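[1] can't give you the sequence, but here's the structure:
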């Protein structure tokens, strides 16, 4: 297999695919600043990728595309020549490599056994994966793309090795709501198109009328055309208001999905059916102008399942609040005999929600590392002996046992998470914060209460939200 992975014919073909895709679809992103990472299966493959990609760039005489390579140690090629990342990249220190890639001169980084965890580069937009990824390593590697930057509206992954089922399997332990459609099936887009039009909110006449104005040549465009586009939307919004709340949620979800998938497929497939492009610009206009916001009913719309993933409640003020000399009391209604705790109203990964219920953004580790900590906590939750110990003892006695068990979890994962474990054991404050999860675990073990199962649809969420707010109402008596 190693012979195939590093063979000239294999890598030269992939190098051509990578550069042509990068040049057309990645490089123009983020205002022309987008960067890419190539994840190689071995140090030898990384070296050969560097050589093949550079050769293809030279052959095509493409300007403003330059590569760097990163791997630990040194390696010999078939001729006995020894290579290191320093002599290949003409650098003297590892920090110099990072500085070079941060600059606008270099935009493709080829890596092997390095920079797949703990590396933050907000301009990283596209990843080309030529390595088998399993479990937490898949999550950590692909998460290199999730750093935000002004103008970064999407990301892209080209995977030469891993089937979609394996990626879903890798993410499922960390995100209960993991959904990954096989977007490489061009026919899926046509099925989604039909589903959207079945709501009878958008008609073919709407699409044609909108496209007639939207696709006019620049020389024929007028300022009044924008007003015309908005006027075409008026009957669409009226029809949207007339469908049920559940249908509204389904419609919005479908058009969001269509925008994402069409943006993806348009990069690799040429569609002869112009109706797809018409629907895309139509719903993209709706989304960009936020035309459905006013119909979202009295509460803010949560952006996906992880809207609250790094939430933390902090004290921001202490002391008295002078208003007037004569203060009015706050009186609760008679039917509010005790406080009511509202249900959780959005679906969150159990591991992330538990970890972040105790901590927040002040923990100096990356999101990918927080997922690793989450796996340690998950393993402890299945430790029946530790649960029984918590149920039978005071917290002060339980704490020592918990810390020992959690340390053992860290040490067992040392080979995969060396940097993170070393950082935790070297930083007393960080270790103390992570060990403080004992308090949450202890309460959980005592009650055996897991987070409540939440409604499946946003409309059910809204109903429970309104009920919870009503039960918590209070009034000022003047």
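    That came through fine. Because the structure is a prediction, the values reported are computed rather than measured.
[2] what separates residue 239 from residue 197, distance-wise?
    12 Å (CB to CB, to the nearest Å). Using the backbone N, CA and C atoms, a C-beta is placed for each residue, glycine as well.
[3] Hmm, I typed the wrong one, I wanted residue 214.
    18 Å.
[4] Let me see the ranges of the strands in the stretch 351-478 of the chain.
    According to DSSP state E, counting those that start in this stretch, the stretch 351-478 of the chain carries its strands in the segments 475-476.
[5] The stretch 151-300 of the chain too?
    156-159.
[6] What's the mean pLDDT across whichever helix in the chain runs longest?
    Secondary structure assigned by DSSP state H gives helix 245-265 as the longest helix of the chain. Regarding helix 245-265, the rounded mean pLDDT is 85.
[7] which parts of it are buried?
    248-252, 254-255, 257-259, 261-262, 264-265 (16 or more other CB atoms under 10 Å).
[8] Tell me the one of those nearest residue 447?
    residue 249 (33.1 Å; CB to CB).
[9] what about that closest one, distance to residue 199?
    11 Å.
[10] Within the helices and strands, which one has residue 39?
    strand 35-40 (DSSP states H and E).
[11] That strand packs against which elements?
    Packing partners of strand 35-40 (3 or more CB pairs under 8 Å, 6 or more residues apart in numbering; DSSP states H and E): helix 43-60, strand 108-111, strand 124-130.
[12] Can you get me a residue count around residue 127?
    Around residue 127 there are 21 other residues, counting by other CB atoms under 10 Å.
[13] ok, it touching residue 37?
    Yes. With contact defined as CB atoms under 8 Å, residue 127 counts as touching residue 37 (5.0 Å).
[14] tell me, what's touching the two both at once?
    Here residue 127 and residue 37 have residue 144 as joint contacts, going by CB atoms under 8 Å, 6 or more residues apart in numbering.
[15] What ranges in the stretch 301-450 of the chain fall below the confidence cut-off?
    301-364, 367, 414-416, 448-450 (pLDDT under 70).
[16] any chance you could map the helices in it?
    In the stretch 301-450 of the chain, the helices defined using DSSP state H, counting those that start in this stretch lie at 350-358, 367-381, 384-392, 395-412, 418-426, 428-435, 437-447.
[17] ditto for the stretch 101-250 of the chain
    135-142, 164-171, 187-197, 204-214, 224-241, 245-265.
[18] tell me what the longest helix of the chain is packed against?
    helix 187-197, helix 274-288, helix 458-471.
[19] what's the pLDDT at residue 228?
    pLDDT recorded at residue 228 is 85.
[20] same question, the one 3 residues further on
    The predicted local distance difference test score for residue 231 is 88.
[21] The residue nearest the centre of the chain and residue 155, how far apart?
    Nearest to the geometric centre of the chain sits residue 146, at 5.4 Å (CA atoms, centre = their mean). Residue 146 sits 7 Å away from residue 155, going by CB to CB.
[22] Then residue 260?
    Taking CB to CB, one finds residue 260 at 11 Å from residue 155.
[23] Repeat that for residue 420.
    From residue 420 over to residue 155 (counting by CB to CB), the distance is 24 Å.
[24] Look up how far residue 225 lies from residue 119.
    45 Å.
[25] who has more neighbours, these two?
    Comparing residue 119 with residue 225 by other CB under 10 Å, the one with more neighbours is residue 119, at 19 against 12.
[26] Which residue comes closest to the more buried one once chain neighbours are left out?
    Closest residue to residue 119 apart from its sequence neighbours, by CB to CB, 6 or more residues apart in numbering: residue 144 at 6.0 Å.
[27] Within its local environment, how many residues does that neighbour see?
    23.
[28] isn't it right up against residue 125?
    No. Taking CB under 8 Å as the definition, residue 144 is not a contact partner of residue 125, at 10.6 Å.
[29] from what I can see residue 214 touches residue 281, true?
    Yes. With contact defined as CB under 8 Å, residue 214 reaches residue 281; the gap is 5.5 Å.
[30] can I see the domain layout of the protein?
    Residue ranges for the domains of the chain, per automatic domain parsing: 2-171, 187-295, 310-478.
[31] Packed most tightly, which of those would that be?
    A comparison of the domains of the chain by mean neighbour count, using mean count of other CB atoms under 10 Å, puts domain 2-171 on top with a mean of 17.
[32] pLDDT on that domain, on average?
    According to the model, domain 2-171 has a mean pLDDT of 88.
[33] what about that domain, distance to the chain center?
    20 Å (CA atoms, centre = their mean, to the nearest Å).
[34] Distance-wise, check residue 130 relative to residue 282.
    Distance of residue 130 to residue 282, given as CB to CB: 38 Å.
[35] Now distance to residue 441 too, for the buried residues of helix 245-265, in CSV please.
    As requested, the buried residues of helix 245-265 are exported to CSV (distance: CB to CB, whole Å):
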residue, distance to residue 441
248, 40
249, 36
250, 39
251, 42
252, 38
254, 40
255, 42
257, 37
258, 43
259, 41
261, 40
262, 45
264, 41
265, 45
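[36] ok so, going back, now distance to residue 30 too, for the helices and strands packed on strand 35-40, in CSV please.
    Formatted as CSV, the helices and strands packed on strand 35-40 follow (distance: least, CB to CB, whole Å):
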stretch, distance to residue 30
helix 43-60, 21
strand 108-111, 14
strand 124-130, 6
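[37] For residue 136, which of the ones you listed is the nearest?
    Closest among these, once you apply CB to CB, is strand 124-130, at 15.5 Å.
[38] quick one: contacts of the closest one?
    5, 14, 18, 21-22, 25-26, 29-30, 34-41, 45, 49, 141-142, 144-145, 147, 152, 154-162.
[39] now do 6 Å
    18, 26, 29, 34-41, 144-145, 155-161 (CB atoms under 6 Å, 6 or more residues apart in numbering).
[40] Repeat that for stretch 138-157.
    30-31, 116-117, 120, 122-127, 133, 170, 368, 371.
[41] wait, which of those is closest to residue 108?
    Taking the contacts of stretch 138-157 together and measuring to residue 108 by CB to CB, the closest member is residue 126, at 9.2 Å.
[42] For the closest one, list each beta-bridge partner.
    residue 36, residue 156 (DSSP bridges).
[43] That one and residue 134: what is the separation?
    22 Å.
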